[in-house]
Structures are given as C-alpha cells and as structure tokens.
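Visitor: Sequence plus predicted model, see below.
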Amino acid sequence: MRVRRRIVVLTLVLVALAVLDGFLLLRRAHYREETARLRTGMTALERQRADAIVAADADRATLMIELLRRQAQGDEALHLAVNVDSSFVALDRGTARLRTMPAVIGPERRVGTPPDTMHAVVPRGMRVVERLLGKGDRYELPAWLWLDRGLPVPEIRADSGWTGTQAIVTTGGVLIYSIPSQGPLADSSYVMPGAIRVSAADLVAIRENLTAGTKVYFF
C-alpha cells in the first residue's frame, strides 16, 4: 500500500510539473503529449484529479491573456500590441487601431549546445521598447542562432544590417525585426525562435511613433 501511495504521489507530481510547464511556456502541444503518456498508467481516480488540475491552470492562463488584452485596450498612450495567436502586430492608442501589421512568430524550442542550452519561448506579457535599431546599427545576436541554423559561430556576432533596415528590441531581449539582406537572419524561410518578424515597410512606417519606453503587449 505504501509503495502504491508513492507511485500515486509521484504520478500526480509529474502531472503537476507538466501542467506548470504548459502554463509558463504555453507549450500546449508538448503538454498534451506528456499528459497522454502519463495518463496511460493512471487509475480512473488519478485521471479525474489530473483533469481537474489541467482545467484549473488552463482557465488561469486564458484569464491572464484576456486581462492583458484588456490592459492594452485601456492604455491611452501609443503602444504596440502583439497578438501571438493571430500573428499580427498593431500600433494602438486605447481602443483605436492605427495600423495592423502581419507578423511571423518565431517558434518555441530548446536552443544551444548541451550543457549550455536555453528554451526560446514565444513572449507573453508586457514589455517596453529598449532600443530602436536602424540599418547602420549593430546588435549582438545570440551564439545559439548560428547553431540553430547549422552554421559556425563567428567571433563577431554583431554587424550593421543583420536585423534588417529597422528593428525593435524590448526588455527581456525580445527582437522584432525584418528580413535583412545579409547575416544569419537573411532567409525568408527562417524565423528566429522567440522573435517576431514583420515587413521592413511596416517597421519604417511606425518608427517615428516609437521611443524607448513605449509599451509592447504580447498576448
């Protein structure tokens, strides 16, 4: 009986960890796979408990995203709203939408070489603009970017134009960029994991409306 209790506790802990991972990283596909694997060894009662945990955390994540969306709509200052699910970036002031820009959202995945790895995630939450980059500005790209592309990592990882003619860097290191003509991001079929790519024309059009400190809402 004691061994069975330990198995039950261990199973529930694993389920809770899977749920927490899905909540924090919003890795829904990964979460479903992990849950399905764990459920195969559960009793009916354990599955009911796991389902209750799943429902509670899914509702919490949905609520947080909705609250963030409403916070953006109530912000009367110029700001950017990045809709990750619908793949667009908008320049808004309160509920007034001034410009909508199609975007490509970089994937979520583990990058780097073990043991020096990290999980690049799609950003969620509120950030602020930290830097506005022009064609002549240099911005150091992470070493894992070259590894992710199967390229050797150069000694110098910053050069002018590598993030496109215009780019935005937010707090937390989120990069919103356009396709450059050179460098590791100069490939229309590739989007940097955890980053946002929009057209150069759109970034140029909104450039004068942005300053360091402009809020950016990701939801």
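Guide: Looks like it arrived, so ask away. Numbering: from 1, shown residues only.

Visitor: what distance separates the start and the end of stretch 187-202?
Guide: Distance between the boundary residues of stretch 187-202 (CA to CA, to the nearest Å) amounts to 18 Å.

Visitor: buried stuff in it?
Guide: Buried positions in stretch 187-202, judged by neighbour count with 16 or more other CB atoms under 10 Å: 190-200, 202. (Each C-beta comes from the backbone N, C-alpha and C, glycine too.)

Visitor: For that stretch, the averaged confidence score.
Guide: Taken as a whole, stretch 187-202 has a mean pLDDT of 98.

Visitor: ok now that stretch, how far from the chain's centre?
Guide: The gap between where stretch 187-202 is centred and where its chain is centred comes out at 13 Å by CA atoms, centre = their mean, to the nearest Å.

Visitor: Output the buried residues of stretch 187-202 as a markdown table; include the columns secondary structure and distance to H79.
Guide: Written out in a markdown table, the entries for the buried residues of stretch 187-202 read as follows (DSSP: H, G, I helix; E, B strand; the rest coil; distance: CB to CB, whole Å):
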| residue | secondary structure | distance to H79 |
| --- | --- | --- |
| Y190 | coil | 28 |
| V191 | coil | 23 |
| M192 | coil | 23 |
| P193 | coil | 25 |
| G194 | coil | 21 |
| A195 | coil | 19 |
| I196 | strand | 15 |
| R197 | strand | 20 |
| V198 | strand | 16 |
| S199 | coil | 20 |
| A200 | helix | 21 |
| D202 | helix | 16 |
